[in-house]
Structures are given as C-alpha cells and as structure tokens.
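**Student:** sequence and predicted structure below; questions after.
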Amino acid sequence: MPDQKRYVVLTGAGAAIPFGGPKTREITCDIVGDSLFKAKDGRTLGKYLVDRISDEMDGDQAHFETLIEIAEELRFRNYDRDDRRNGEPQFPSSLIYALEKDFDCDVLNFNSIYDEGENYYYSNGQKVAKKSSESNWFFFDRVVRHWMKIIVQRVREYAVSCAGRPLSEKYRAFLECLQEEDTLRHYTLNYDRLVPEITSEEVFDGFGEMHNDSDEEAYRIRQPNRVRFDGDTDCAYNLHGSIFFRKRICTDTPEIDSQRGRWVCTPEKVNFSPGFYDSDPDKRRHPMHITTGLRKPSRMLTLSNRPFYQRFGLDCADADVFIIVGYSFSDHHINELIQERVEPGEAEVWYIGHNTELEGNPWMNMDQFFTDSQTPSLPEVWGSSRPSSRISDSIRKEGKWFRNESNRYSLYFDGFGTFLRDEDWEQVL
C-alpha cells in the first residue's frame, strides 16, 4: 500500500523499567556487593574497582558495563602476556595501566586471599593452580562469567513474568495501533522477549517454528536470511541478544547441516551459561548470547548478531516514524546507524523517556532547551548538521508532548509507564 507507514521502534533500558526491569544502578550495586571475588583488604572486587576508577571518570560512568570492560581487558592482557605466546602484549589504556601496577598485590595475591587449598585457589567453585601460567587469565575469565550471570539473573526476575504485568495490555494496544494499517519494525537493546510475548498479532522474532526435544528444551532455530531480506513483516528483534538465546547442535531440521551448531531461542528457558567471543584463534569460544562490556561494536558483527544489526540500519533508512523509548544514547554503534540512516526532515522522530535520565544532553534543562536559540540540534549525538532545523524553533506543547512546527519532532518526558497507562500515543498518531 503506497500510503502505508513504516514505524521503527527502538527500546532501551527505560522501556523495561515499568515492567520490573532493573536500573543500571541496581545491577551495579549487585556486582559491587558480590563477595565471591575480593581484594586483599577485604573489599569486594567490584568495590575495589569502583574506588579505583572513581577519580578517573564521572560517577555515572562507574557502572556495571565499565566494570565488565575492565575485567575483560585485564583478561585479554593476561592472555597476551602468556610466556608461551610470541610478541609483546598490546599496550593497555591508561586506566588499565594504572590498575595493573597494584593488581598483583591487591587482587592476584592468591596465597593470602584464597587459601582454601595448598596448591590451588577456588574461582567460582573451580580449582585453579596457583602456579599455572594462565592462573591470572583464568581468574578474570571467571570474574566476567560470574558477573554476567548476575546480570542474567536480574533480567530473568522480570523477563519471565513481564507479559502478565498490568501494563502489558497497554503496551499491546500501543503496538497493535501501529500495526493496524502499517508496518511495525521493533528493536530492543534489552535482553527480554517482552514484545513477542505480549502481542496478539503475529510478529517475527528472527526464529522459526518450535522444535521439541525430550532430552533438553523446546527451541526455535534462528533464520538469518529472512531477517536480512524480509523488510515488510512486523518484527521484534533483540539487537544485543537475549537471555533466551543459546547455541546448540541441531539435528532435526533439513535446512542445515545436522552436525553444525546453530543459534536457537528457548522462549521458556533462560540461558545462564554465557560463552565469549575472543579474537584469539586458539581461545575462540561461542559468541555471547547477550552483548555487554568490552568490544560491544565488534560483537554486533559476529554471525549471531550481524543480521539484526544490518536490518536495523536498513529499517532506519526506510522509517517514516522513528520512535525512541527509554534509550540514553550511550551505545555509539547504535547512534552511528541512527546518525547515518535516519533522514532529517523525512522521518518523524518521537522520543519517549525521562528528561532526568538525559545527563549531558540538551534535553536536561527543559526551560533553556525550548527558549535558547543556541540550543544544539536534537539530539546532540546526531552532530551539528542533524537535524537541519533546531527543534527549539516554534516549539509548542500539546498535552504532555513537546512538538516543533513541522511535527517532525515529538518529545515526551513523563516516562514510558505514564505513556502507556494514559495512552498518550493517541495525541500524535
């Protein structure tokens, strides 16, 4: 249909909070408070790292993703320094360089910190030889795995029951309103399966029909080619993976080589065993089923994530209405696609969130934002040339929305929960 609109929706962490999703601060507190790994002075490893980096960066940057990035980089560094490898270790960032100077004494002093055995220490329940040339590498490998499991557990607490929450019916009504005469292309940076679980209309989530396995769990096999080439189906894709994804050997489908592993979705069973994608040929493992921490942009280009990421770029370019929900513009690889593909002046842009969560963005100070002619273009991450006109020009308030004269930009700052409860999408559709 020539007059059919294409709605492209991108949801971040703020979209999960009304359904019980954890805030960044809450996951960070879980990791900082976890005592499985500790420093010599008794502090947890998370607390030790936060204390060390707090002077190096702003307080809001010392969150769980930064801690995972540090642990991952130290893991790579210790592998690089293995005596059996040729070549010099890669030069670290200044932050890691400063941390490494004290780590051997403060954190890797296994004899004084981990004394459960004569010739080994325990790491996440497994014995590691103290004299092993890879003991430090193994230690950080276990740190990252354990912290990832904390994240998975946090997501699981809301993701397995989010479809039954009171707001689910409102969310369904919003999505079905977009689907009614038009095309819905929904992407999330969260690790749940909220949208396919709550929608009564069919949406394609990137996976095929259900296979029942009496030995393990029911699963659905990923269909990457349909993701890449089908741009007209109503869809719901997880750009950063999901706790319901895993890699396994599939032997019961004629479409693939039965001896090869495939990414599957186990919609009723959470994957608590994160694997890792390493660039080192002899240390390569499965890609992670959720994407966080170090090298996030490169992990988006692994085979498990790439079709969704490529399709997101294509949908951004074809969007008639681009809807951003609860996203703080902290993922540069996502920002770059929006910056490159969403056409200013052609696509409508809606933002739904809380202005108090937009530290560093011009939206933070609302009075100044809408009156100051020097206010940067919306949003600031798009650069000085995008969009071509400032939203502060001829801005007006319509109910709870702030809109510019052309109605190309619509901003909503009362939160996604209020947006759903009060059905405030009806004011701009």
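**Tutor:** Sure thing, it's come through.
**Student:** residues near Val8, how many?
**Tutor:** Counted with other CB atoms under 10 Å, the neighbours of Val8 add up to 26. Heads up, the C-betas are built off the backbone N, CA and C, glycines and all.
**Student:** same thing with Glu26?
**Tutor:** Glu26: 12 neighbours (other CB under 10 Å).
**Student:** same check, this time on Ile323
**Tutor:** So Ile323, with other CB under 10 Å, has 22 neighbours.
**Student:** what does the pLDDT read for it?
**Tutor:** Looking at Ile323, its pLDDT reads 95.
**Student:** kindly report the same for Phe369.
**Tutor:** Phe369 is given a pLDDT of 37.
**Student:** where do the helices sit along the stretch 301-429 of the chain?
**Tutor:** In the stretch 301-429 of the chain, the segments counted as helices under DSSP state H, counting those that start in this stretch are 306-318, 332-341, 366-371, 416-421.
**Student:** rank these by pLDDT, which is bottom?
**Tutor:** helix 366-371 has the lowest average pLDDT among those, namely a mean of 38.
**Student:** who wins for proximity to Pro166 among the helices of the stretch 301-429 of the chain?
**Tutor:** Closest to Pro166 of those, according to CB to CB: helix 416-421, at 8.7 Å.
**Student:** and that closest one, what does it pack against?
**Tutor:** Applying 3 or more CB pairs under 8 Å, 6 or more residues apart in numbering; DSSP states H and E, one finds that helix 416-421 makes contact with helix 167-179.
**Student:** got the CA positions of the next helix or strand after the helix it packs on in CSV?
**Tutor:** Reading on from helix 167-179 to the C-terminus, the next helix or strand found by DSSP states H and E is strand 183-188. Extracted in CSV, the C-alpha atoms of strand 183-188 (Å, rounded to 0.1, in the frame of the first residue of the first chain):
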residue,chain,number,x,y,z
THR,A,183,4.3,-1.9,9.4
LEU,A,184,5.9,-2.3,12.8
ARG,A,185,9.7,-2.9,13.0
HIS,A,186,10.6,-3.2,16.7
TYR,A,187,14.1,-3.4,18.0
THR,A,188,15.2,-3.6,21.6
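**Student:** who does strand 183-188 pair up with?
**Tutor:** Strand 183-188 has the following strand partners under DSSP bridges: strand 6-11 (parallel), strand 235-238 (parallel).
**Student:** restricting to C-alpha, output the helix or strand that comes right after the first one in CSV.
**Tutor:** So the one you mean is strand 6-11. Later in the chain than strand 6-11, the nearest helix or strand by DSSP H and E is helix 13-16. C-alpha atoms of helix 13-16 as CSV (Å, rounded to 0.1, in the frame of the first residue of the first chain):
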residue,chain,number,x,y,z
ALA,A,13,16.5,0.1,29.4
GLY,A,14,14.0,2.7,30.3
ALA,A,15,11.3,0.8,28.4
ALA,A,16,11.8,-2.3,30.6
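**Student:** picking up where we left off before, among the strands paired with strand 183-188, which is nearest Pro22?
**Tutor:** For the strands paired with strand 183-188, proximity to Pro22 was assessed by CB to CB; strand 6-11 is nearest, at 14.9 Å.
**Student:** quick one: contacts of that closest one?
**Tutor:** Here strand 6-11 makes contact (CB atoms under 8 Å, 6 or more residues apart in numbering) with 178, 182-190, 315-316, 318-327, 334, 338.
**Student:** hmm, try it at 7 Å
**Tutor:** 178, 182-190, 315-316, 318-327 (CB atoms under 7 Å, 6 or more residues apart in numbering).
**Student:** ok, back up a step: and the helices of the stretch 301-429 of the chain: which comes nearest Ile70?
**Tutor:** The closest of those to Ile70 is helix 332-341. By CB to CB, the value is 18.3 Å.
**Student:** and that closest one, what does it pack onto?
**Tutor:** With contacts defined as 3 or more CB pairs under 7 Å, 6 or more residues apart in numbering; DSSP states H and E, helix 332-341 has these neighbours: helix 306-318.
**Student:** tell me the angle of the helix it packs on relative to helix 332-341?
**Tutor:** 40 degrees (axes from the mean of the first three to the mean of the last three CA atoms, to 10 degrees).
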